[in-house]
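Engineer: no FASTA, just this:
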(Lines give C-alpha, C1' and ligand atoms only; values in the text may rest on other atoms or scores of the structure.)
Protein backbone atom coordinates (compact mmCIF):
# COMPACT_ATOMS: atom_id res chain seq x y z
CA UNK A 1 0.00 0.00 0.00
CA UNK A 2 1.40 3.38 -1.03
CA UNK A 3 0.32 6.50 0.84
CA UNK A 4 0.78 9.92 -0.76
CA UNK A 5 -0.80 13.35 -1.13
CA UNK A 6 -2.16 15.08 -4.23
CA UNK A 7 -3.48 18.56 -5.00
CA UNK A 8 -6.78 18.72 -6.87
CA UNK A 9 -9.06 21.73 -7.42
CA UNK A 10 -6.85 23.77 -5.10
CA UNK A 11 -7.14 21.30 -2.21
CA UNK A 12 -4.82 18.74 -0.69
CA UNK A 13 -5.97 15.10 -0.67
CA UNK A 14 -4.57 11.99 0.95
CA UNK A 15 -4.27 9.16 -1.56
CA UNK A 16 -3.81 5.48 -0.68
CA UNK A 17 -2.87 3.27 -3.64
CA UNK A 18 -3.47 -0.48 -3.67
CA UNK A 19 -1.04 -2.44 -5.88
CA UNK A 20 0.93 0.54 -7.09
CA UNK A 21 3.63 -2.01 -7.98
CA UNK A 22 1.46 -3.23 -10.89
CA UNK A 23 1.46 0.29 -12.30
CA UNK A 24 5.15 0.97 -11.69
CA UNK A 25 6.14 -2.35 -13.26
CA UNK A 26 4.44 -1.44 -16.54
CA UNK A 27 5.59 2.17 -16.47
CA UNK A 28 9.18 0.98 -16.17
CA UNK A 29 8.85 -1.54 -19.01
CA UNK A 30 9.57 -0.53 -22.63
CA UNK A 31 6.15 -1.51 -24.00
CA UNK A 32 2.92 0.45 -23.87
CA UNK A 33 -0.18 -0.57 -21.94
CA UNK A 34 -3.85 0.28 -21.45
CA UNK A 35 -5.50 1.67 -18.31
CA UNK A 36 -9.25 1.10 -18.07
CA UNK A 37 -11.52 3.30 -16.01
CA UNK A 38 -15.27 3.44 -15.49
CA UNK A 39 -17.96 5.83 -14.32
CA UNK A 40 -17.42 5.14 -10.65
CA UNK A 41 -15.63 7.23 -8.06
CA UNK A 42 -13.41 10.09 -9.22
CA UNK A 43 -11.10 8.79 -11.95
CA UNK A 44 -9.93 12.31 -12.81
CA UNK A 45 -8.02 12.35 -9.54
CA UNK A 46 -5.77 9.59 -10.92
CA UNK A 47 -4.33 12.18 -13.30
CA UNK A 48 -3.01 14.11 -10.31
CA UNK A 49 -1.78 11.05 -8.40
CA UNK A 50 -0.35 8.48 -10.83
CA UNK A 51 2.56 10.26 -12.44
CA UNK A 52 4.44 8.59 -15.28
CA UNK A 53 7.49 10.61 -16.25
CA UNK A 54 8.77 7.67 -18.32
CA UNK A 55 5.66 7.48 -20.52
CA UNK A 56 3.08 9.87 -21.90
CA UNK A 57 -0.55 9.15 -21.04
CA UNK A 58 -3.15 9.58 -23.77
CA UNK A 59 -6.48 9.75 -21.98
CA UNK A 60 -9.75 9.45 -23.89
CA UNK A 61 -12.44 11.98 -22.96
CA UNK A 62 -15.98 12.70 -24.15
CA UNK A 63 -15.84 15.12 -27.09
CA UNK A 64 -18.98 16.94 -25.93
CA UNK A 65 -17.41 18.50 -22.83
CA UNK A 66 -17.62 22.29 -22.59
CA UNK A 67 -14.58 24.12 -23.93
CA UNK A 68 -13.73 25.79 -20.60
CA UNK A 69 -13.72 22.38 -18.85
CA UNK A 70 -11.43 20.93 -21.52
CA UNK A 71 -9.05 23.89 -21.29
CA UNK A 72 -8.75 23.61 -17.52
CA UNK A 73 -8.13 19.88 -17.70
CA UNK A 74 -5.55 20.33 -20.45
CA UNK A 75 -3.71 22.89 -18.33
CA UNK A 76 -3.54 20.69 -15.24
CA UNK A 77 -2.97 17.39 -17.02
CA UNK A 78 -0.28 18.79 -19.32
CA UNK A 79 1.96 19.34 -16.30
CA UNK A 80 1.66 15.61 -15.51
CA UNK A 81 2.58 14.35 -18.99
CA UNK A 82 -1.05 13.65 -19.91
CA UNK A 83 -2.65 14.46 -23.26
CA UNK A 84 -6.42 14.40 -23.68
CA UNK A 85 -7.88 12.76 -26.78
CA UNK A 86 -11.50 13.48 -27.71
CA UNK A 87 -13.52 10.34 -28.51
CA UNK A 88 -15.34 10.95 -31.78
CA UNK A 89 -17.79 8.93 -33.82
CA UNK A 90 -15.40 8.88 -36.76
CA UNK A 91 -13.08 6.71 -34.59
CA UNK A 92 -10.07 8.93 -35.33
CA UNK A 93 -9.04 8.49 -31.70
CA UNK A 94 -8.17 4.86 -32.44
CA UNK A 95 -5.30 5.92 -34.71
CA UNK A 96 -3.88 7.96 -31.84
CA UNK A 97 -4.26 4.97 -29.50
CA UNK A 98 -2.46 2.65 -31.90
CA UNK A 99 0.44 5.06 -32.32
CA UNK A 100 0.69 5.68 -28.58
CA UNK A 101 0.96 1.96 -27.82
CA UNK A 102 3.45 1.37 -30.63
CA UNK A 103 5.65 4.10 -29.14
CA UNK A 104 5.51 2.49 -25.68
CA UNK A 105 3.13 4.95 -24.07
CA UNK A 106 -0.09 4.60 -22.05
CA UNK A 107 -3.66 4.74 -23.34
CA UNK A 108 -6.33 5.50 -20.73
CA UNK A 109 -9.96 4.88 -21.67
CA UNK A 110 -13.31 3.96 -20.12
CA UNK A 111 -14.19 0.28 -20.35
CA UNK A 112 -17.88 0.53 -19.47
CA UNK A 113 -19.47 2.58 -22.24
CA UNK A 114 -20.27 1.85 -25.88
CA UNK A 115 -19.59 4.99 -27.89
CA UNK A 116 -18.65 5.51 -31.53
CA UNK A 117 -18.23 1.92 -32.68
CA UNK A 118 -21.23 -0.17 -31.65
CA UNK A 119 -19.22 -3.39 -31.36
CA UNK A 120 -19.81 -4.93 -27.96
CA UNK A 121 -19.21 -8.04 -25.89
CA UNK A 122 -21.79 -9.51 -23.56
CA UNK A 123 -20.62 -10.05 -19.97
CA UNK A 124 -22.26 -11.22 -16.77
CA UNK A 125 -22.61 -8.08 -14.66
CA UNK A 126 -24.54 -7.76 -11.41
CA UNK A 127 -26.51 -10.90 -12.11
CA UNK A 128 -27.57 -10.30 -15.71
CA UNK A 129 -26.06 -10.15 -19.21
CA UNK A 130 -24.75 -6.66 -20.01
CA UNK A 131 -23.01 -5.16 -23.02
CA UNK A 132 -19.49 -3.77 -22.64
CA UNK A 133 -17.50 -2.08 -25.43
CA UNK A 134 -15.32 -4.48 -27.39
CA UNK A 135 -12.86 -1.76 -28.50
CA UNK A 136 -10.54 -1.54 -25.46
CA UNK A 137 -10.14 -5.30 -25.25
CA UNK A 138 -9.71 -5.73 -28.99
CA UNK A 139 -7.00 -3.06 -28.95
CA UNK A 140 -5.16 -4.83 -26.12
CA UNK A 141 -5.30 -8.24 -27.79
CA UNK A 142 -4.37 -6.99 -31.26
CA UNK A 143 -1.44 -4.97 -29.90
CA UNK A 144 -0.58 -7.65 -27.32
CA UNK A 145 -0.29 -5.13 -24.50
CA UNK A 146 -1.17 -5.46 -20.79
CA UNK A 147 -4.29 -3.95 -19.22
CA UNK A 148 -4.79 -2.41 -15.79
CA UNK A 149 -8.10 -1.39 -14.25
CA UNK A 150 -8.01 1.82 -12.20
CA UNK A 151 -10.78 2.87 -9.80
CA UNK A 152 -10.43 5.98 -7.61
CA UNK A 153 -12.80 5.81 -4.66
CA UNK A 154 -13.61 8.30 -1.93
CA UNK A 155 -13.14 6.99 1.62
CA UNK A 156 -13.49 10.13 3.70
CA UNK A 157 -13.06 13.89 3.75
CA UNK A 158 -10.23 14.60 1.32
CA UNK A 159 -9.20 10.95 1.41
CA UNK A 160 -9.25 8.60 -1.58
CA UNK A 161 -8.18 5.05 -2.35
CA UNK A 162 -6.90 4.08 -5.82
CA UNK A 163 -7.62 0.45 -6.66
CA UNK A 164 -5.26 -0.97 -9.29
CA UNK A 165 -5.68 -4.47 -10.67
CA UNK A 166 -4.39 -6.53 -13.57
CA UNK A 167 -6.56 -7.91 -16.35
CA UNK A 168 -5.01 -11.06 -17.72
CA UNK A 169 -2.49 -12.23 -18.72
CA UNK A 170 -4.35 -13.57 -21.73
CA UNK A 171 -4.48 -17.27 -22.62
CA UNK A 172 -2.07 -17.58 -25.55
CA UNK A 173 -3.78 -20.83 -26.63
CA UNK A 174 -7.17 -19.17 -27.08
CA UNK A 175 -8.37 -17.37 -30.21
CA UNK A 176 -8.17 -13.59 -30.38
CA UNK A 177 -11.95 -13.32 -30.02
CA UNK A 178 -11.91 -15.55 -26.96
CA UNK A 179 -9.11 -13.50 -25.38
CA UNK A 180 -11.06 -10.30 -25.97
CA UNK A 181 -14.12 -11.80 -24.30
CA UNK A 182 -12.06 -13.11 -21.37
CA UNK A 183 -10.55 -9.66 -20.77
CA UNK A 184 -13.96 -8.00 -20.96
CA UNK A 185 -15.50 -10.43 -18.48
CA UNK A 186 -12.58 -9.98 -16.08
CA UNK A 187 -13.00 -6.19 -16.22
CA UNK A 188 -16.76 -6.54 -15.69
CA UNK A 189 -16.08 -8.71 -12.61
CA UNK A 190 -13.62 -6.15 -11.21
CA UNK A 191 -16.11 -3.35 -11.79
CA UNK A 192 -18.86 -5.37 -10.11
CA UNK A 193 -16.71 -5.94 -7.01
CA UNK A 194 -16.01 -2.21 -6.83
CA UNK A 195 -19.68 -1.29 -7.29
CA UNK A 196 -20.64 -3.66 -4.48
CA UNK A 197 -17.91 -2.22 -2.25
CA UNK A 198 -18.83 1.42 -3.00
CA UNK A 199 -22.47 1.34 -4.24
CA UNK A 200 -23.15 5.04 -3.64
CA UNK A 201 -20.23 6.08 -5.84
CA UNK A 202 -21.44 4.38 -9.02
CA UNK A 203 -22.63 7.26 -11.19
CA UNK A 204 -24.51 5.20 -13.71
CA UNK A 205 -26.94 6.95 -16.05
CA UNK A 206 -26.54 4.31 -18.73
CA UNK A 207 -28.65 1.30 -19.68
CA UNK A 208 -26.30 -1.66 -19.32
CA UNK A 209 -29.11 -4.18 -19.54
CA UNK A 210 -31.31 -2.50 -22.15
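Structural biologist: Received it, and whenever you're ready, just let me know what you need. Fair warning: this is a prediction, and the values are worked out from it, not measured in the lab.
Engineer: Centroid-nearest residue for the protein?
Structural biologist: Most central in the chain under Cα atoms, centre = their mean is residue 36, positioned 2.2 Å from the mean C-alpha point.
Engineer: contacting residues for that one?
Structural biologist: 108-111, 136, 147-150, 167, 187 (Cβ atoms under 8 Å, 6 or more residues apart in numbering). For the C-beta atoms, the positions are set from N, CA and C on the backbone; glycine is no exception.
Engineer: Filter these down to the ones in strands?
Structural biologist: Among those, the members falling in strands are 108-110, 147-150, 167 (criterion: DSSP state E).
Engineer: Low-confidence regions, this protein specifically.
Structural biologist: Within the chain, the stretches with pLDDT under 70 are 1, 3-4, 8-9, 62-80, 88-91, 115-117, 170.
Engineer: I'd like to know how far the residue of it most remote from its centre sits from residue 140.
Structural biologist: Taking Cα atoms, centre = their mean, the residue of the chain most remote from its mean C-alpha position is residue 173, at 26.3 Å. Distance, residue 173 to residue 140, using Cβ to Cβ, to the nearest Å: 17 Å.
Engineer: Could you do residue 171 as well?
Structural biologist: Taken as Cβ to Cβ, the span from residue 171 to residue 140 is 13 Å.
Engineer: List the contacts of residue 38.
Structural biologist: Under the criterion of Cβ under 8 Å, 6+ apart, the contact partners of residue 38 comprise 110-112, 149, 151, 191, 194.
Engineer: Format these as JSON lines; extra columns: distance to residue 99 and neighbour count.
Structural biologist: Conversion of these to JSON lines gives the following (distance: Cβ to Cβ, whole Å; neighbours: other Cβ atoms under 10 Å):
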{"residue": "110", "distance to residue 99": "20", "neighbour count": "18"}
{"residue": "111", "distance to residue 99": "20", "neighbour count": "24"}
{"residue": "112", "distance to residue 99": "24", "neighbour count": "22"}
{"residue": "149", "distance to residue 99": "23", "neighbour count": "22"}
{"residue": "151", "distance to residue 99": "27", "neighbour count": "26"}
{"residue": "191", "distance to residue 99": "28", "neighbour count": "25"}
{"residue": "194", "distance to residue 99": "31", "neighbour count": "20"}
